[in-house]
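Participant: build me a model from this:
(chains A, B, C and D)
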Protein chains: 2
Amino acid sequence: MKNRLKVLRAERDWSQGDLAERLKVSRQSVNAIETGKYDPSLPLAFRIADLFDLSIEEIFLRD
Amino acid sequence: MKNRLKVLRAERDWSQGDLAERLKVSRQSVNAIETGKYDPSLPLAFRIADLFDLSIEEIFLRD
DNA sequence: TCGCTATGTCAATGTTCCTTTACTATTGAA
DNA sequence: TTCAATAGTAAAGGAACATTGACATAGCGA
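Facilitator: As a prediction, this is how the structure comes out:
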């Protein structure tokens, strides 16, 4: 499952730490999700979508 | 996090076992998600959305 | 009544998600 | 060149998701 987190973050000039803080998760979690180590939980996916004001489907892509 | 699984299933007259089979998960997992014991993983949420031809946001509701 | 289906639940186990702590490497500014 | 910020990774532990197998209950039709 791919995602556009890195791009969305870059568009806002946020570091992984910035994003982690806004999502209330660790920086390592953000890194793991961005680098494809694992997918976020559904609740976290919703927080991400809410933060970027996008739908989950616009951020996470079926592979 | 609430969801409309039970209603969607009823609309199609599927048992929990039927749905589980289509999603390739156990009947207990379907039951646990329906009864709110836990939320599905993001990949499973996508399979559910695909099966019902709906968006994740149309099935899972922020509480 | 008997048998079958559906639902709900439990225990035990395994996998995935998320954490903290820590270390390395790279880049850019002072 | 030195320092700080960023990114990536790893290990170890805890929490959440998902499994199999089992059991109880309720409803329905033969």
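
Participant: from DNA strand C, how far off is residue A:53?
Facilitator: 20 Å (C-beta to the nearest atom of the strand, to the nearest Å). For the C-beta atoms, the positions are set from N, CA and C on the backbone; glycine is no exception.

Participant: if I pick that residue, what's in contact with it?
Facilitator: Residues in contact with residue A:53 (C-beta atoms under 8 Å, 6 or more residues apart in numbering or on different chains): none are found.

Participant: now do stretch A:28-45: distance to the chain's middle.
Facilitator: For stretch A:28-45, the distance from its own C-alpha centre to the chain's C-alpha centre is 6 Å (C-alpha atoms, centre = their mean, to the nearest Å).

Participant: I meant to write stretch A:7-20 there.
Facilitator: How far stretch A:7-20 lies from its chain's middle: 9 Å, per C-alpha atoms, centre = their mean.

Participant: I'd like the mean pLDDT over that stretch, please.
Facilitator: For stretch A:7-20, mean pLDDT rounds to 98.

Participant: buried ones in that stretch, by neighbour count?
Facilitator: A:8-9, A:14, A:16, A:19-20 (16 or more other C-beta atoms under 10 Å in any protein chain shown).

Participant: over to stretch A:26-44?
Facilitator: Judged by neighbour count using 16+ other C-beta under 10 Å, the buried positions of stretch A:26-44 are A:29-30, A:33-34, A:39-42, A:44.

Participant: now the strands for chain A?
Facilitator: A:2-3, A:60-61 (DSSP state E).
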